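Chemist: Have a look at this prediction, sequence included:
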Amino acid sequence: DLAVRSGDRSRGGGARVRSRNAGVQKALPAAGLVGKKKKRGAHHKRRPRRPLPGMMLHIDGSTHAWLGADHEQFDLVTLMDDATSDLYYAQFVDEENTETIMAGLRSVIENQGVFCALYSDRASHFVCTPKGATKPDRTIRTQVGRALEQVGVEIIPANSPQARGRCERSYGTLQGRLPQEMRQAGVHTMEQANAFLPGFLERHNEKFTVKAAEEGTAFVPYHGQDLNKIFSKHHERVVSNDNTITFGRLRLQILRLVAAMAGKGSSGRRCDRNLDHQPIGSPPILSSTRPDNSLASIPGQLDVLTTR
């Protein structure tokens, strides 16, 4: 390839072409005699950290050969505090998806408390960006978006990879240190790697966590409905005339009490109200799916009978 450097340009035979004429400098690349000069990228400013822990958390998954080049790649999902770079959660998973993201969010809320905002990329499990659109459609909620709304956390999708530089640099550090330490510890499987993570995170946070700009915390204890219900997949179904709901290949029979309250032909959906306080005429509540995709029956909300 031909080098292009401010008027001093190399030709095929190794000779140098020096030109201070702007017209010539434009003509040479157009004629294919020299390589085209790369355009300078957009100017990005470093974003200040949030002043308090819990004001904003970064979430992401990194695909990497975490156990070495001779092993298959898999993902590491982490949640990091913007104010301190403290890693609150890390887990190796086969794939970053709705289930693995929900597991991390639930763990942080259980152990740290509810935070203010979540900074993420534009993956489909965070936001829905219609084909051809440049911005996410906030009127369409994903499963993760719905769960975060229920616990009062704002989701902030990044506009570019550069905007998530703090998170990307964190993964650069992890990729440069974690595989070597696991190799020295004799870690060879994902299960062993996840067992190794707690001790590693303690050492990592001690070395790389920075002091927040202000004293205090924005985390608040969670006092609300069962997090297992919130951080599960919720689905809407229509009640048939025979008071059944189709879920995948299953046909679920709604008991008489629920059917009477729901009404035939109404739309069935998962919600968090107890049947004792469910108003007459409201749609029935379809049980949610657990992280392993099995169907969960929520006591006191919907009892169903499975029929073939």
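Modeler: Looks like it arrived, so ask away. Residues are numbered from 1 along each chain as shown.

Chemist: so how many other residues sit close to residue 157?
Modeler: Neighbour count for residue 157, taken as other C-beta atoms under 10 Å: 19. The C-beta positions use only the backbone N, C-alpha and C, and glycine is treated the same way.

Chemist: again but with residue 110, I slipped
Modeler: 11.

Chemist: Let's verify the spatially closest residue to residue 111 that is not a sequence neighbour: helix, strand, or coil?
Modeler: The shortest distance from residue 111 to any non-neighbouring residue, by C-beta to C-beta, 6 or more residues apart in numbering, is to residue 88 (7.2 Å). The three-state label given to residue 88 by DSSP: H, G, I helix; E, B strand; the rest coil is strand.

Chemist: if I look at residue 124, how far off is residue 171?
Modeler: The gap separating residue 124 from residue 171 is 20 Å, by C-beta to C-beta, to the nearest Å.

Chemist: Tell me which of these two has more neighbours.
Modeler: Set residue 124 next to residue 171 and count neighbours by other C-beta under 10 Å: residue 171 wins out with 18 against 12.

Chemist: Can you list the residue ranges for strands in the stretch 201-308 of the chain?
Modeler: For the stretch 201-308 of the chain, the strands defined by DSSP state E, counting those that start in this stretch occupy 236-238, 244-247, 250-254, 267-269, 304-307.

Chemist: Which positions in the second one come out as buried?
Modeler: Judged by neighbour count using 16 or more other C-beta atoms under 10 Å, the buried positions of strand 244-247 are 244-245, 247.

Chemist: now these as JSON lines including distance to residue 112?
Modeler: Shown next, in JSON lines, are the buried residues of strand 244-247 (distance: C-beta to C-beta, whole Å):
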{"residue": "244", "distance to residue 112": "42"}
{"residue": "245", "distance to residue 112": "37"}
{"residue": "247", "distance to residue 112": "34"}
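
Chemist: Of the residues you listed, which is the nearest to residue 149?
Modeler: residue 247 (23.6 Å; C-beta to C-beta).

Chemist: what is that closest one paired to in the beta sheet?
Modeler: residue 250 (DSSP bridges).

Chemist: what separates it from residue 150, distance-wise?
Modeler: Distance of residue 247 to residue 150, given as C-beta to C-beta: 22 Å.

Chemist: what do you get for residue 211?
Modeler: According to C-beta to C-beta, residue 211 and residue 150 sit 32 Å apart.

Chemist: give me the low-pLDDT residue ranges for the stretch 101-250 of the chain?
Modeler: By pLDDT under 70, the weakly predicted segments of the stretch 101-250 of the chain are 161-163.

Chemist: Please repeat the previous calculation with a cut-off of 90.
Modeler: 122, 129-140, 158-168, 224-226, 228-229, 233-250 (pLDDT under 90).

Chemist: thinking again about what came up before, between residue 211 and residue 150, which is the more surrounded one?
Modeler: Ranked by neighbour count (other C-beta under 10 Å), residue 211 and residue 150 place residue 150 first, with 16 against 8.

Chemist: For the helix or strand that contains the more buried one, buried residues please.
Modeler: Using DSSP states H and E, residue 150 sits in helix 143-151. Residues of helix 143-151 classed as buried under the neighbour-count rule (16+ other C-beta under 10 Å) are 143-145, 147-148, 150-151.

Chemist: Could you give the number of residues near residue 212?
Modeler: Neighbour count for residue 212, taken as other C-beta under 10 Å: 21.

Chemist: How about it, nearest residue that isn't a chain neighbour?
Modeler: Residue 212 sits nearest to residue 83 (C-beta to C-beta, 6+ apart), 4.4 Å away.

Chemist: count of residues packed around residue 187?
Modeler: Using other C-beta under 10 Å, residue 187 has 21 neighbouring residues.

Chemist: Please list all residues in contact with it.
Modeler: Residues in contact with residue 187 (C-beta atoms under 8 Å, 6 or more residues apart in numbering) are 67, 193, 196.

Chemist: Make TSV from those residues and add secondary structure to it.
Modeler: Below are the contacts of residue 187 laid out as TSV (three-state DSSP):
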residue	secondary structure
67	coil
193	helix
196	helix
